[in-house]
Structure formats: structure tokens, C-alpha cells
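Enquirer: compute the structure for the input listed below.
(2 chains)
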Amino acid sequence: MSGWFVVRRLLQVVPTVFGIVLVAFLLIHIAPGDPVLALAGEHGDAEYYAFMRERFGLDQSLPQQLATYFLRVAGGDLGHSYVHGRSTVSVIVERMPATLLLTGTALGLAVVAAVPLGALAARRPHGARDVTISGIALVVYSTPIFWIGQITLLIVSLWLGVLPVQGMTAAGSTATGAARALDVMRHLALPVLVLASQEIVVLFRLTRTGLIDELGRDHIRTARAKGVSERIVLLRHALPRALLPAITVIGARAGHLVAGAVIVEVVFGWPGIGRLLLGALQTRDSPVLLGLFMVVAFAVVVANLVADLVHASVDPRVSLR
Amino acid sequence: MPGGAIGLTLTGAAVVTAILAPALTTIDPFALSGPVLGAPSAQHLMGTDALGRDLFSGVVHGTRTSLLVATAVTLLTFVCGTGVGLVAGYRGGLLDDLLMRATELFQVLPRFFLVIVAIALFGPGIDRIVVILGLTSWPVLARVVRGEIIAMRDLAFVRAAEAAGASRMRIVGRELLPNVMPSVVVLLCLLFAQVLLVEASLGFLGLGDPNVLSWGLLAGQAQGFLRVAWWLAFFPGLAIMMTVLGVNLLADALSMPGTRGGARET
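Expert: Okay, here's the model as predicted:
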């Protein structure tokens, strides 16, 4: 990976981040009503609003306000939630670990499950096994994630009664250490499965198309001709190259993944940013929603950046483009 | 192509349901017309909710909202995406650079969260859902159209039209646009399916218009009654799945087998 590429790619982040802040700023000012309501929430008193007006320079001209807002955001100030009585950032950061645990585990599971499925299907394209797996994949791809959640919850938890239905730990549990970890894992199983299902499908389709493409190439024919076993051809010669696009796609889907997590958290009562978002909607706590939008947008930018750098480090052709 | 036929049937069924909604069910979906939380029966094919409202009627009328939102977003995306792609691809140069930077920005904006913020600030309503989803969905289409135009703009038939003195408008409209339409149609189909899912998710979180029935709204209301009334969650979700599956199958059948497998991932 050339240093040039890294620098160029890092510089691309600047206008994007500025664009995101600009979108948030425009939303605040186009919205009907006083902009201070969007930045400070609806339930404050006059003194508090005066303080927030001062803080975000709302009595200045619009360009000045934009500059103030940009500096505030750059300093990590995304607004103040009156409902929580704290800065928006601290409210969001507090909920992050639960969501990261959910999305991280789901993404890991998706990669582990999707690659073998893709290899299985790509072995004989349009054969019985491929048609079955691809068919199921298309159905899952077409199903709203909340419905997968609701149906799974109905069958596994309510009728079979094998796994807990709601929350992150058993109600009133004071367990610590290993007992707590086990409790969290039992609660995590269903939400992770449901969230992973969508990612599995996307990564499966990608692996399958990539492998079918790759297995038809000359270098594979050469490898087979010189007597390399089919297993090695698949694992060493075809798969690494077929999986390259998956890196970019995983990065590009970061926003989808978090949006999916929000829905799954609502279905399973998982205490992450999804529950926070639902609460903020009910109390009309717009600073929190605005903060969530920006945090997720920045996270997507970082995910894309990391994906591109990883892609460039394993595939030298990328940084030459 | 059995997949395409199934797709056409499922999509057709949804469209017909949306058009004929008032004729298909005579029960007012908002009227308290049956027992509270009644299981599916001959009178109430999909059962009734906690207020005794008929779910079948709700699902039938909800079809209209879902298809309307998806159609409007698709049209808006078609105009923005194809427009940007044609201009950027044909004109090239600085304009192309600027438009592509804008495309990159719109591509990273998490549209789900953007819609939520907009609804929180502007109040609930279907129009803002359509505008935001439309304004954030065009980048993929624009990139594909641009790529195809760049590959095409130096080909003999375009050169011939230029030599014959055809105006830029005519070349873009009569020579280039018809040639990108096959990919555009496939992408718009996939987008239509995606918008159905996003709209349902927003409804599920209670972000749609509370006075307009939609599949997502019904599914969201079911969440509190999972233990006692499985039908409330089952049927709205089933309706969404069948319709989205239909549109996806249609998109698969429209694309050349094997060449556009990656289109849905973008």
C-alpha cells in the first residue's frame, strides 16, 4: 500500500465529514420552530434556552452560526439532552457497548457462516444445492428484519421456551463474572442470529458470485491441470481473491447494520442505541436523535475508510488506481 | 423462467390489492368491528386487534401506503440518479468531479437515521419520508449510469449522431438514455424492494403517519401482543415479505443471469 494512497484517502474524509455536519445544520435551521429546540430539546426553561443560544451562537448571522456549530461538533459537542440532563454524546456513548457487542458478534457470525455457504453453492452453480441455498437467501433478503425477529421470538422463546425473550440479563440478576457473561450470552443469542441473518445473505451472495467468477479463470485451470487438489484450489487459489469485494461491502453496509441493530434491539429489548432512539422519539428529545444521526454517519465514514485501507493493503492494485 | 413468473404474480397481486382495496374488504379498518384480540375466523380472516379492529382490512388498505411510498421514491430516484449520471458521464470534467463528490457524500449518509431526525424535527408525514429516501437513494443509480455512459460516449453511434449535428439534448435523450435503461430498470426494481423494507421498518418504530395504515405500523402495534395474539405480527410481516420477494424475483428475471449478481450489494 503506497503512502500516497493513504494520504489521498484520508483527505477524502474531510469534505464528507463537513458535508455531514452541514446536513445536520441545515436540518436544524429548515425545521419549523426555533432552532434552539432542535439543539436543546423541548422541555427546557427560558434560562436554559438562553444558555444554549449563547453556546451555539444562535443570535449571530447564519455563516457565523455554521462556523460555531462546526467548531462545537469538532470539539465533541453534539448538543445537550434536557431529558437526560447531560450532553448528548455522553448519553450515546453510554449505550454504545451493548450495540457494539450486538453488531460485532452478528458481523463475525455472518462472515463465518456466509463463506462456507457461498463455497457450497458455487461448487455447482444452478445445481440442486445452489438453487436451494440461493432460494432461501432471497427469501431472507426479502423479509423485514423485525418480522424475522418477531417470528423467531414467537417460536423459540414463547412456544419452545428455551431462550430468554427480553433484555440483556435476567430480571433482577446480580450475578457477576462468569455467571453474568453466561447470562448475557444466553440473552444475546437470538438478537445476534436475527441481525446476522441479513448480513449472511448479502455476504453469501457476494461469495457465491465471486467464487463462480474466479473458478472459471485461467489460473484455476492451471492449478487443476498441475494436479492441485480441489480443496486447495478452492481454499488457496479461488477464495482469497473472491472475498476481496466483501471487504468493501462490509464497510459500505455499516449503516445498514446499525439500522438493523436498532430494529432488533426494539424487538428484543436489548439496551443499546435502538432503545435510546425509541425513548428519544417518545419524549421528542431531538438533540439525542440528531446526535445519533451524526455518530452513525461518522461511524460509516470510518468503516468505509478502514475497509478501503484494508482492501488496499491486501490488494496492491487498489492503491495504483 | 419460473422465478420471474412467481415474481410477476406476487407483484401483480400487491398492485391489484392496492387498487381494489375498498372493493376487497367492506369493513372499515379503523372501525371496532369484532371481538377484542379475536383469532382468525371466517368473519375476520386475519383476526382482530386489541380494539377489535379487523386486521385483514388493515393489511389490504396498508398495501396502498407501502406501494405509494415505494413508487414515489423510485420515481424521484429515477429522475435524480439518471439525471446526475447522464450529465456527469457525458459532460465529464469538473462538473463530473463535483457531482461524484456529492454522490460520495450522499452515499455515506445513513438514510434510516436521517429520516428519523427529519420526522422528529418536522413531525410525522409520508411526504418527508418520500423526499428523504428519494434524495438519499440516487447515488448508486447515478454511478451505474455514469459508468455506462463513459463506456458508451466514444462509440460509433454516438460519434455518428454528433457528426450529423445532433444537439447534446438529443444525443443524451435519444441515443444514450435508451441504452442505459435496461440497467436502470433492474436497479429501480431492487430499490423499490428496499424502500418497501425501509418504509416498513420506519412504520414499525411508529414513525409513519399514525392516521394512515401501513404494514409497518400494524407490525409495530403487534409487538406488545406477541404473547397473546400471534396473528397481529404474522400477517402484516407476511404481506411485506411476499411483495418484496415478488419485486426481487422480478428484478432477478429482468437482469441477465450471472452478470448483475452484485448489483443488489451496492
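Enquirer: CA only for contacts and neighbour counts going forward, please
Expert: Fine.
Enquirer: surely B:Arg64 is in contact with B:Leu20?
Expert: No - in this structure B:Arg64 lies outside contact range of B:Leu20 using Cα atoms under 8 Å: 9.6 Å.
Enquirer: for these two, indicate the residue with more neighbours.
Expert: Neighbours were counted for B:Arg64 and for B:Leu20 using other Cα atoms under 10 Å in any protein chain shown; B:Arg64 has more, 23 against 14.
Enquirer: what's near enough to touch the more buried one?
Expert: By Cα atoms under 8 Å, 6 or more residues apart in numbering or on different chains, the contact list for B:Arg64 reads B:17-19, B:21, B:214.
Enquirer: ok, of those, which come out buried?
Expert: Applying 16 or more other Cα atoms under 10 Å in any protein chain shown to these, the neighbour count classes B:17-18, B:21, B:214 as buried.
Enquirer: how close does A:Asp218 get to A:Pro316?
Expert: Shown here: A:Asp218 relative to A:Pro316, a distance of 21 Å by Cα to Cα, to the nearest Å.
Enquirer: so what's A:Tyr82 up against?
Expert: A:40-44, A:285.
Enquirer: which of those fall in helices?
Expert: When the contacts of A:Tyr82 are checked against helices (DSSP state H), the matches are A:Ala40.
Enquirer: next, give me the two most distant ones among the contacts of A:Tyr82.
Expert: A:Gly44 and A:Asp285 (10.9 Å; Cα to Cα).
Enquirer: what about the most centrally placed residue in chain B, distance to B:Gly216?
Expert: When Cα atoms, centre = their mean is applied to chain B, the residue found nearest the centroid is B:Phe192 (2.6 Å). Counting by Cα to Cα, the gap from B:Phe192 to B:Gly216 is 16 Å.
Enquirer: quick one: name the residues of chain B near chain A.
Expert: Applying the criterion Cα under 8 Å from any Cα of the partner chain, the portion of chain B that neighbours chain A consists of B:104-105, B:108-110, B:112-114, B:116-118, B:120-122, B:193, B:197, B:200-201, B:204-205, B:219, B:223, B:226-227, B:230, B:233-234, B:237, B:240-242, B:244-245, B:248, B:258, B:261-262, B:265-266.
Enquirer: now, of these, which are buried?
Expert: B:104-105, B:108-110, B:112-114, B:116-118, B:120-122, B:193, B:197, B:200-201, B:204-205, B:219, B:223, B:226, B:230, B:233-234, B:237, B:240-242, B:244-245, B:248, B:261.
Enquirer: which SSE is residue 140 in?
Expert: Answering for chain A, as no chain was given. Assigned by DSSP states H and E, A:Val140 belongs to helix A:128-141.
Enquirer: that's the other chain; I wanted chain B
Expert: Following DSSP H and E, one finds B:Val140 within helix B:126-152.
Enquirer: okay, helices next: where are they in the stretch 1-150 of chain B?
Expert: Per DSSP state H, counting those that start in this stretch, the stretch 1-150 of chain B has helices spanning B:2-24, B:55-91, B:93-108, B:111-122, B:126-152. These are given in chain order.
Enquirer: can I get those in CSV including mean pLDDT?
Expert: Putting the helices of the stretch 1-150 of chain B into CSV (pLDDT from 0 to 100) gives the following:
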stretch, mean pLDDT
helix B:2-24, 86
helix B:55-91, 91
helix B:93-108, 88
helix B:111-122, 88
helix B:126-152, 90
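Enquirer: got TSV for those, with distance to A:Leu206 too?
Expert: Shown next, in TSV, are the helices of the stretch 1-150 of chain B (distance: least, Cα to Cα, whole Å):
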stretch	distance to A:Leu206
helix B:2-24	20
helix B:55-91	24
helix B:93-108	20
helix B:111-122	23
helix B:126-152	17
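Enquirer: to A:Ser81, which of the ones you listed lies closest?
Expert: Ranking those by proximity to A:Ser81 (Cα to Cα) places helix B:111-122 first, at 14.2 Å.
Enquirer: residues of the stretch 201-321 of chain A that sit close to chain B?
Expert: A:202, A:205-206, A:209, A:249, A:252, A:255-256, A:259, A:263, A:267, A:278, A:281, A:284, A:286, A:289-290, A:292-293, A:296-297, A:300-301.
Enquirer: apply 6 Å and report the result again.
Expert: A:255, A:289-290, A:293, A:297 (Cα under 6 Å from any Cα of the partner chain).
Enquirer: burial of B:Leu218, as a residue count?
Expert: For B:Leu218, the neighbour count with other Cα under 10 Å is 24.
Enquirer: please determine how far it is located from B:Phe234.
Expert: B:Leu218 sits 10 Å away from B:Phe234 when distances are taken as Cα to Cα.
Enquirer: next, the angle helix B:126-152 makes with whichever helix or strand comes after the helix holding B:Val140.
Expert: For helix B:126-152, the following helix or strand on the C-terminal side (DSSP H and E) is helix B:156-163. Here helix B:156-163 runs at 90 degrees with respect to helix B:126-152, directions being taken by axes from the mean of the first three to the mean of the last three Cα atoms, to 10 degrees.
Enquirer: chain center to the very next helix or strand once past helix B:156-163, what's the gap?
Expert: Sequence-wise, the next helix or strand beyond helix B:156-163 is helix B:168-170, with elements assigned using DSSP H and E. A distance of 30 Å separates the centroid of the chain from that of helix B:168-170, by Cα atoms, centre = their mean, to the nearest Å.
Enquirer: what's the mean pLDDT across the very next helix or strand once past helix B:168-170?
Expert: Of the helices and strands lying after helix B:168-170 in sequence (DSSP H and E), the nearest is helix B:177-204. Averaged across helix B:177-204, pLDDT comes to 92.
Enquirer: and helix B:177-204 with helix A:128-141, angle?
Expert: In this structure, helix B:177-204 runs at an angle of 60 degrees to helix A:128-141, with the same axes, to 10 degrees as the basis.
Enquirer: which residues sit against the helix or strand that helix B:177-204 is followed by?
Expert: The helix or strand immediately downstream of helix B:177-204 is helix B:215-222, counting by DSSP H and E. Contacts made with helix B:215-222 from outside it, assessed by Cα atoms under 6 Å, 6 or more residues apart in numbering or on different chains, are listed as B:62, B:200-201, B:203-204, B:232-233, B:236.
Enquirer: what residues does the helix or strand following helix B:215-222 touch?
Expert: Past helix B:215-222, heading to the C-terminal end, the next element that is a helix or strand (DSSP H and E) is helix B:230-254. With Cα under 6 Å, 6+ apart as the test, helix B:230-254 has contacts from A:142-143, A:147, B:3-4, B:7, B:10-11, B:186, B:189, B:193, B:215, B:219, B:222.
Enquirer: by how many degrees do helix B:230-254 and helix A:128-141 diverge?
Expert: With the same axes, to 10 degrees as the basis, helix B:230-254 and helix A:128-141 are set at 120 degrees to each other.
Enquirer: number of residues surrounding A:Ile263?
Expert: Using other Cα under 10 Å as the criterion, A:Ile263 is surrounded by 26 other residues.
Enquirer: no no, A:Thr176
Expert: By the criterion of other Cα under 10 Å, A:Thr176 has 10 neighbours.
Enquirer: now do A:Val140
Expert: Burial measure for A:Val140: 19 neighbouring residues, criterion other Cα under 10 Å.
Enquirer: separation between it and A:Thr152?
Expert: Taken as Cα to Cα, the spacing of A:Val140 relative to A:Thr152 amounts to 13 Å.
Enquirer: between the contacts of B:Arg64, which is closest to chain A?
Expert: Distance to chain A, by Cα to the nearest Cα, is smallest for B:Ser214 among the contacts of B:Arg64, at 13.7 Å.
Enquirer: what sits against the closest one?
Expert: Applying Cα under 6 Å, 6+ apart, the residues contacting B:Ser214 are B:62, B:65.
Enquirer: list phi and psi for it.
Expert: Listed backbone geometry of B:Ser214 is phi -150, psi 160, with angles given as degrees, to the nearest 10.
Enquirer: any idea how far it is from B:Gly34?
Expert: 20 Å.
Enquirer: cool, B:Gly220 as well?
Expert: Following Cα to Cα, the distance that separates B:Gly220 from B:Gly34 is 21 Å.
Enquirer: which one of those two is surrounded by more residues?
Expert: Each of B:Gly220 and B:Gly34 has its neighbours counted (other Cα under 10 Å); B:Gly220 has more, 26 against 16.
Enquirer: brilliant, that's me finished.
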